[in-house]
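let me see the structure of the following:
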Amino acid sequence: MPADTAPKAREKPERIADELRALIVSGTLRDGDSLGRESDLVERFGVSRPSLREALRILEAEGLITVVRGVRGGVVVRQPDERITARNAALVLQFRNTTLADVHEARSIIEPAAARMVASARAHRAAAEKLRGLIEAQQDVIDDPAAFGKANAEFHERLVSLAGNQTLEIVAEMLNEIVERAVTEVSQSPPAKSSLNVRRRGIRSQERLVELIALGAGHEAEVHWRAHMEVVGKIILGQRAKRIVDLFDHY
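The predicted model follows:
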């Protein structure tokens, strides 16, 4: 291999981060485990303090450790947080000038398929009961637009997670992190009575979906939820359709 195409050697901080990351992801190091103090890790890896701190910054940015300062401080392991992963991926969408309409289109592909998978699964009745609980949670906060937005996002996330595909679940969380803001904006838009009616119609549609899931009607659940997502897109997006994803505003 020509010298100019040879893989670049990993720097010391990256190698340290790689080693610790592998231990965390494999489960060898568990949530809450202490890696000791900085001085302990400097000795363990045989590196300078600046190199170690750079490695720790990498892992802290990934949400895999927490560095506790002070006399009783140290480095503590944190379990990988799917929401951090989702938000990092969502930042890429913003960088690529992705529109809300594009995000909603992806949701409209994923969620109806998930509805079919949930309704067709052996545990479809148990899944229906879990979703009913999330509908009740939305009804409890239907007069609070911000709380309703979060409760509504939880329903959409759980629908996908119940399908049992972890990759789809992560993708759905990422998309819902973005759309939740738009749902809240619509819920807060005047006139209040009109927005409240929109939330009520959405809940009725969810109730119909849960009925189909409880019956094990996979095809019907998929068709119904595809139609639901089409209506949601028109209501939520409207003039927002071409708006670029803005996570700085969202978070």
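
now the strands for the stretch 51-200 of the chain?
Assigned by DSSP state E, counting those that start in this stretch, the strands in the stretch 51-200 of the chain fall at 65-68, 74-77.

make TSV out of those and add mean neighbour count.
Just so you know, the C-beta spots here come from the backbone N, C-alpha and C atoms, and that holds for glycine as well. Listed next are the strands of the stretch 51-200 of the chain as TSV, based on neighbours: other C-beta atoms under 10 Å:
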stretch	mean neighbour count
strand 65-68	16
strand 74-77	18
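
export those strands to TSV and append columns for distance to Arg122 and mean pLDDT.
Formatted as TSV, those follow (distance: least, C-beta to C-beta, whole Å; pLDDT from 0 to 100):
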stretch	distance to Arg122	mean pLDDT
strand 65-68	39	91
strand 74-77	36	93
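
quick one, which of the ones you listed is nearest to Asn88?
Closest of the strands of the stretch 51-200 of the chain to Asn88 is strand 65-68, at 16.1 Å (criterion: C-beta to C-beta).

partners of that closest one, with directions?
Sheet pairing of strand 65-68 (DSSP bridges) gives strand 74-77 (antiparallel).

what's the strand it pairs with in contact with?
For strand 74-77, contacts defined as C-beta atoms under 8 Å, 6 or more residues apart in numbering pick out 24, 29-38, 41, 56, 64-68.

give me the buried subset of those residues.
Buried members of the contacts of strand 74-77, scored by 16 or more other C-beta atoms under 10 Å, are 24, 29, 35, 38, 41, 56, 64-65.

could you dump the residues you listed to CSV with distance to Ile142?
As requested, these are exported to CSV (distance: C-beta to C-beta, whole Å):
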residue, distance to Ile142
Ile24, 41
Leu29, 43
Leu35, 46
Glu38, 50
Leu41, 51
Leu56, 45
Leu64, 38
Ile65, 40
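
quick check: the farthest pair among these?
Pairwise distances across the buried ones among the contacts of strand 74-77 (C-beta to C-beta) peak at 17.7 Å, for the pair Ile24 and Glu38.

can I get the strands of the stretch 51-200 of the chain in CSV with distance to Glu105?
Shown next, in CSV, are these (distance: least, C-beta to C-beta, whole Å):
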stretch, distance to Glu105
strand 65-68, 37
strand 74-77, 38
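
pLDDT below threshold where in the stretch 101-250 of the chain?
Within the stretch 101-250 of the chain, the stretches with pLDDT under 70 are 180-194, 237-250.

so which of the strands of the stretch 51-200 of the chain gets nearest Phe95?
strand 65-68 (25.6 Å).

just to revisit the earlier point, keep only those of the contacts of strand 74-77 that are in helices.
Members of those lying in helices (criterion: DSSP state H): 24, 38, 41, 56.

check what pLDDT Pro80 gets.
Note for Pro80: predicted pLDDT of 78.

ok, now Leu29?
92.

would you tell me which of the strands of the stretch 51-200 of the chain gets closest to Gly149?
Set against Gly149 and scored by C-beta to C-beta, those come closest in strand 65-68, at 28.8 Å.

neighbouring contacts of the closest one?
Outside strand 65-68, the residues within contact range by C-beta under 8 Å, 6+ apart are 20, 24, 35, 56, 59-60, 73-78.
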